[in-house]
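Visitor: any chance you could fold what I've pasted below:
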Amino acid sequence: QVQLVESGGGLVQAEGSLRLSCAASGRTFTGSTMGWFRQAPGKQRELVAHITSGGSTNYADSVKGRFTISRDNAKNTVYLQMSALKPEDTAVYYCAAQRIGKNEYAYWGQGTQVTVSS
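Guide: I've put the predicted structure just below:
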């Protein structure tokens, strides 16, 4: 059974940093694109960043220059380093694995809350 488990969320002050981790189990995703999404209250889920099997990355305009996605295939884990956080970054952050379409993924984590106070 495939599981994606996010960790690293929490409460942080504006301009602070957090690193989210997503550990996959049940199969490896070495050859798959993995991504991070977020959903704020009352808003639709949106892509934050993705990273391909080859290491190419893509970011939402709102996080470019502040967030960095990376992966450790040996650990079957993907990370999201978030810096210069803003209150508008407050959301539940979800990890996703194996992209099957635009912003469509086969597997999703349960999410981790990130709250940025002003």
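Visitor: from the contact counts, what lies against the strand of greatest length in the chain?
Guide: Longest strand in the chain by number of residues (criterion: DSSP state E): strand 91-101. Judged by 3 or more C-beta pairs under 8 Å, 6 or more residues apart in numbering; DSSP states H and E, the packing partners of strand 91-101 are strand 3-7, strand 18-25, strand 34-39, strand 77-82, strand 104-108, strand 112-117. The C-beta positions use only the backbone N, C-alpha and C, and glycine is treated the same way.
Visitor: next, the buried residues of the third one.
Guide: Spelled out, that is strand 34-39. Buried residues in strand 34-39, defined by neighbour count with 16 or more other C-beta atoms under 10 Å: 34-38.
Visitor: over to the second one?
Guide: By 16+ other C-beta under 10 Å, the buried positions in strand 18-25 come out as 18, 20-24.
Visitor: for residue 117, see how far away the one residue sitting closest to the centre of the chain is.
Guide: Computing the C-alpha centroid of the chain and ranking residues by C-alpha atoms, centre = their mean puts residue 36 first, at 2.6 Å. Applying C-beta to C-beta, to the nearest Å, the value for residue 36 to residue 117 is 21 Å.
Visitor: likewise for residue 31?
Guide: From residue 31 across to residue 117, the span is 39 Å (C-beta to C-beta).
Visitor: equivalent analysis for residue 8, please.
Guide: Using C-beta to C-beta, we find residue 8 at a distance of 17 Å from residue 117.
Visitor: okay, the two: which has more neighbours?
Guide: residue 8 (16 against 11; other C-beta atoms under 10 Å).
Visitor: show the pLDDT at the closest residue to that one other than its chain neighbours.
Guide: Once flanking residues are discounted, residue 8 sits nearest to residue 20: 4.3 Å by C-beta to C-beta, 6 or more residues apart in numbering. If you check residue 20, the pLDDT there is 98.
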